[in-house]
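*Asks:* Any chance you could fold what I've pasted below:
(one chain, ligands or ions: 1)
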Amino acid sequence: MTITITAFERSPDRGKGLARDMRVRWALEEVGQPYNVRFLSFSAMKEPAHRTLHPFGQIPTYEEGDLVLFESGAIVFHIAEHHAGLLPDDAKARARAITWMFAALGTVEPPILDLQVAKFLEGDKPWYEQRLALVQERIRRRVGELSNRLGDANWLDGEFSAGDLLMVTVLLRLKVSGMLDEFPNLTAYVARGESRPAYKRAFEAQLAAFKAASTS
Ligand code: GTB
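*Replies:* Just a heads-up that it's a prediction; the model follows:
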């Protein structure tokens, strides 16, 4: 069945792979599923037609026959549940990999998103410096805990899983701040993710789309 996802027509990150369609593209590449992409402008995302697919008027969405999904984590989970390659067969290992998916989105991502909010939306506030310091402290604590757990392992729990896929995409958003460099094992972990052929294919596809939109 044809799979169609949505993505930014012109991604604000200029194709650096930080928008959340990247997670979905990467998951689809890992399991070898072809997909189409419908590109949306910011205004099209807020139109009723797209809101039928996504109540919050965002990307990514996922359509497969009459199934429509939103939320990148739920989409990656759906892909992982229906195709081999992203979740272990063993029931307990599978449950642990799913736990890491939730940990990535529910525990590690929120403080990292706070940093983006502080930098891009609160930079002109008189309390900005104080807030920034607090946000950075929270990130250091949380990411430090993750670093301790990973130790010198390649992946979070045995083989690469959807938990790693989401965690790597979450940590990638920290790269530009320089804070990831404080954790060499996580820097190497992210680089391992980026060096996977499926990641590279997904990255190239979204970059090519950005370039095509910029020249049109
Ligand atoms: N929880 C949802 C999910 O995981 O799918 C969050 C979806 C979401 O935030 N989507 C963003 C969006 O549609 C795009 S990814 N924003 C438009 C809107 O809300 O109107 C977030 C994002 C945007 C830009 C960059 N960047 O430029 O680096 C990175 C990530």
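
*Asks:* Find me whatever residue is spatially closest to residue 10, sequence neighbours aside.
*Replies:* Nearest non-adjacent residue to residue 10, counting by C-beta to C-beta, 6 or more residues apart in numbering: residue 213, 5.0 Å away. For every residue, glycine as well, the C-beta is placed using N, CA and C.

*Asks:* how many neighbours does that neighbour have?
*Replies:* By other C-beta atoms under 10 Å, 15 other residues sit near residue 213.

*Asks:* sec struct for it, please.
*Replies:* helix (DSSP: H, G, I helix; E, B strand; the rest coil).

*Asks:* and the gap between it and residue 40?
*Replies:* Distance of residue 213 to residue 40, computed by C-beta to C-beta, to the nearest Å: 11 Å.

*Asks:* any shared contact partners between these two?
*Replies:* Listed as contacting both residue 213 and residue 40 by C-beta atoms under 8 Å, 6 or more residues apart in numbering are residue 9.

*Asks:* tell me which element the residue of the chain most remote from its centre falls in.
*Replies:* In the chain, counting by C-alpha atoms, centre = their mean, residue 126 sits farthest out from the average C-alpha position, at 31.5 Å. Under the criterion DSSP states H and E, no helix or strand holds residue 126.

*Asks:* quick one on the thing from earlier: what distance do you get for the residue nearest to residue 10 to the ligand?
*Replies:* 14 Å (C-beta to the nearest ligand atom, to the nearest Å).

*Asks:* Equivalent analysis for residue 77, please.
*Replies:* 11 Å.

*Asks:* List the buried residues of the one helix or strand residue 129 maps to.
*Replies:* Per DSSP H and E, residue 129 falls inside helix 128-150. If you call a residue buried by 16 or more other C-beta atoms under 10 Å, then helix 128-150 has these buried ones: 132, 135-136, 139, 142-143, 146-147, 150.

*Asks:* Would you format the residues you listed as TSV with distance to the ligand included?
*Replies:* TSV is the format used below for the buried residues of helix 128-150 (distance: C-beta to the nearest ligand atom, whole Å):
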residue	distance to the ligand
132	18
135	17
136	19
139	16
142	18
143	18
146	19
147	23
150	23
